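> Coordinates only, no sequence provided:
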Ligand SMILES: Nc1ncnc2c1ncn2[C@@H]1O[C@H](COP(=O)(O)OP(=O)(O)OP(=O)(O)O)[C@@H](O)[C@H]1O
Ligand SMILES: [Mg+2]
């Protein structure tokens, strides 16, 4: 589904502090499965996720999404692709403070031009599924960490993405919540979505919910199970 | 806030817009209504040969600004300060013929 | 089309929801903004309508008024002037006018005493303006005494009251018989306050004024055109000063608005990053911000303008009364005819909505063009 060929990513290219965060990545991520990126801090997991999720373009190499080359697409198309096909759960959740859970969940659908009523119904359905229906109108900063994460997941799913990208999703969760989260991920995969996440949490990597683990170090893939 | 704020604000904005539009309708109606009053004033002004409106009655150069001198506010003393509040609202009249008849002293 | 509408509705929803987070602050901003529009619109509406009203009412003022100047003040017209003027060709009609001011120590007000050239007021009676009727508590057939400057007391009976509708021109008028006027002011016989002229050919009025000034060098002709011009420029004169006073407020507001709109906080920057990461285009972010600017400034404009309209044309411009009244005791009660200067309204609209919206947008350009991947590392 997602194919990376000889992908490299440099930060501050051409300056004295030039840094190659990714250095020759070859990777093929299959659809409908849960894939985990794993590796020490600074190994390039987040950077790789930004490339996969069309948040950034590789400095060199090709990236293909469903066979289509996306490394050369202009910003506008990347944004559209990102909105239609990818859902993101960020490490810090990145919810918008002051808005209610429901409003946060509905946000990615705003530019789509779908009727508000439909979007609202869907948001309610997702929150209900994540057992957050009772907190629908609460401001997100009043929610607990686990609740905030579930809001973030609901937000990632509002546009019905094929791919869900989660960066260190369990970093702020205790064991119980992390297990619960993995169960949710598994249900997505069984629904036919593709899940890609990064983690250095053994609980995640050893979990049965994760189908494939990719180990990274210094911007390279070290071993690929 | 938990329900669509646009539901509340957009109608309010529509009301304000309607108010704006209505103000022009109201103005048109009032103009018609005021026509009689203007005609009455106009007729009186014509009959009496009035030259000014009686809006500022506090000083003679503000009561009849069109008949006053350019220097009326200062005529009591060259250094007299303009001291009537409304004097600051109306410009001194510009009489062309006063300028014309004042020959330059050389 | 439907998609576009739904999109805008969603963007407006988000804008309003984020504005609602700082409800007090944003409502305060709206209130100050609307107040500013209210003051500016009130001044513009009032002065335009008054100018219009004055020039319409005075449209048939005497074509030419001739004053006599002595030592830089205007003085009485002595006998003989009317004859001299009569010899100038083109003068169709001339009338010596009698009018003057009387200070009434009882209510500390100035009246304008006047003899109607057409007559019509009996001896011993007066016809008064409505402001006088009100302030002095007079009524038809009641008597009133004025102490003349000579010290003698004169009594008059109020024979008539000028139409209430004409108060804007007649508030302080006291019309009386010529004999009474001359006796009261000890006005020498054959003298007049000034002379009103009409000319046969209106095109010739300037030439005739020039001839008059040449024939009577101590006189000053005032054309109707000049009288009307005085009113056409009323307020325009020191609208500049009003603006200067207001500019303090304007500046303070500009700083406030700039701070609010242009000072993009770290929080807002973060939010824009999030929006971009979850699939908003730069254009969506900008559209959302345009809505914010338009909603605030348009509301302020509409609220301020409608309030100003009601104030000036429905409430008689009550807030201006203290300014226009000054130290005067007599103040006409009048309703202005709502003549609205469309260009002024459009200008006001433009200067309320555009700069604010622009101020909202400027910083967004910068923030919205940052890379969306920055969100992953906050
Ligand atoms: N914008 C940037 N400018 C310069 N260097 C960067 C930038 N972003 C990331 N890097 C560097 O790239 C390397 C890889 O970063 P990345 O965030 O992908 O690591 P990571 O594997 O996600 O680490 P962690 O587990 O701590 O989240 C790091 O050494 C980081 O310092
Ligand atoms: Mg990371």
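Great, that's in hand. Predicted, not measured: the structure shown is a model, and the values here were computed from it. Ligands and ions are numbered 1, 2, ... in the order given.

> what's the weakest-modelled helix or strand in the chain?
Picked chain A for this. strand A:220-224 (a mean of 80; mean pLDDT, DSSP states H and E).

> Please refer instead to chain C.
Result, chain C / mean pLDDT, DSSP H and E: helix C:236-262, a mean of 65.

> which residues of the chain fall in helices?
The chain I'm using is chain A. Listed in chain order, the helices of chain A (DSSP state H) span A:45-52, A:75-85, A:101-106, A:116-129, A:145-157, A:175-191, A:202-205.

> let's do chain C instead
Counting by DSSP H, the segments of chain C that form helices are C:2-21, C:23-57, C:81-86, C:130-136, C:167-170, C:178-185, C:205-215, C:224-232, C:236-262, C:266-277, C:282-309, C:321-325, C:342-368.

> still on that earlier bit, any idea how far the least confident helix or strand of chain A is from the chain center?
Here the centre of strand A:220-224 is set off from its chain's centre by 20 Å, with CA atoms, centre = their mean, to the nearest Å.

> Check chain A for the residue nearest chain C and tell me.
Distance from chain C to each residue of chain A (CB to the nearest CB) is smallest for residue A:83, at 2.8 Å. (Each C-beta comes from the backbone N, C-alpha and C, glycine too.)

> Number of residues surrounding that residue?
22 (other CB atoms under 10 Å in any protein chain shown).

> quick one: contacts for it?
A:108, A:111, A:112, A:159, C:278, C:279, C:280 (CB atoms under 8 Å, 6 or more residues apart in numbering or on different chains).

> tell me which of the residues you listed is nearest to residue A:26?
residue C:279 (27.9 Å; CB to CB).

> Please list all residues in contact with that closest one.
With CB under 8 Å, 6+ apart, residue C:279 has these contacts: A:79, A:80, A:82, A:83, A:84, A:86, A:108, A:111, A:159.

> Kindly report the same for residue C:298.
If you count contacts by CB under 8 Å, 6+ apart, residue C:298 has them with B:13, C:353.

> What's the local residue count around residue A:40?
11.

> same question, the one 5 residues further on
Here the count is done by other CB under 10 Å, and residue A:45 has 24 residues near it.

> quick one: contacts for it?
By CB under 8 Å, 6+ apart, the neighbours of residue A:45 are A:37, A:38, A:39, A:167, A:198, A:216.

> again, 6 Å this time
In this structure, residue A:45 makes contact with A:37, A:39, A:198, judged by CB atoms under 6 Å, 6 or more residues apart in numbering or on different chains.

> got those as TSV, with distance to ligand 1 columns?
As requested, the contacts of residue A:45 are exported to TSV (distance: CB to the nearest ligand atom, whole Å):
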residue	distance to ligand 1
A:37	8
A:39	6
A:198	6
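
> Show the buried residues in these.
A:37, A:39, A:198 (16 or more other CB atoms under 10 Å in any protein chain shown).

> what residues are up against the closest residue in space to the second one that isn't next to it in sequence?
To tie it back to what came earlier, the one meant is residue A:39. Excluding its sequence neighbours, the residue lying closest to residue A:39 (CB to CB, 6 or more residues apart in numbering or on different chains) is residue A:216, at 3.5 Å. Each residue near residue A:216 by CB under 6 Å, 6+ apart is listed here: A:39, A:43, A:44.

> The nearest residue to the second one once chain neighbours are set aside and residue A:200: what is the separation?
Spatial nearest neighbour of residue A:43, excluding adjacent residues (CB to CB, 6+ apart): residue A:216 at 4.4 Å. Look at residue A:216 and residue A:200: by CB to CB, to the nearest Å, they are 10 Å apart.

> hang on, the earlier thing: among the helices of chain C, which is nearest residue A:205?
Of all the helices of chain C, helix C:266-277 comes closest under CB to CB, at 25.4 Å.

> Are the closest one and chain A in contact anywhere?
Yes - against chain A, helix C:266-277 shows contacts by CB under 6 Å from any CB of the partner chain at C:271, C:274.

> Packing partners of that helix?
helix C:342-368 (3 or more CB pairs under 6 Å, 6 or more residues apart in numbering or on different chains; DSSP states H and E).

> quick one, the helix it packs on and helix C:282-309 angle?
Orientation check (axes from the mean of the first three to the mean of the last three CA atoms, to 10 degrees): helix C:342-368 against helix C:282-309 gives 150 degrees.

> dump the residue contacts of residue C:309.
Taking CB under 6 Å, 6+ apart as the test, what residue C:309 contacts is residue B:23.

> Please tell me how far it sits from residue B:30.
Counting by CB to CB, the gap from residue C:309 to residue B:30 is 10 Å.

> Repeat that for residue C:289.
For residue C:289, the distance to residue B:30 - CB to CB - is 39 Å.

> In terms of neighbours, single out the busier of the two.
residue C:289 (24 against 17).

> Starting from chain A, give me the distance back to the more buried one.
13 Å (CB to the nearest CB, to the nearest Å).

> Next, count neighbours for residue 146.
Here I'm looking at chain A. Neighbour tally, residue A:146, other CB under 10 Å: 17.

> try again with chain C
Counted with other CB under 10 Å, residues neighbouring residue C:146 total 21.

> what sits against the residue lying closest to it once chain neighbours are set aside?
Among residues not flanking residue C:146 along the chain, residue C:154 sits closest, at 5.6 Å (CB to CB, 6+ apart). By CB under 6 Å, 6+ apart, the contact list for residue C:154 reads C:146, C:148, C:184.
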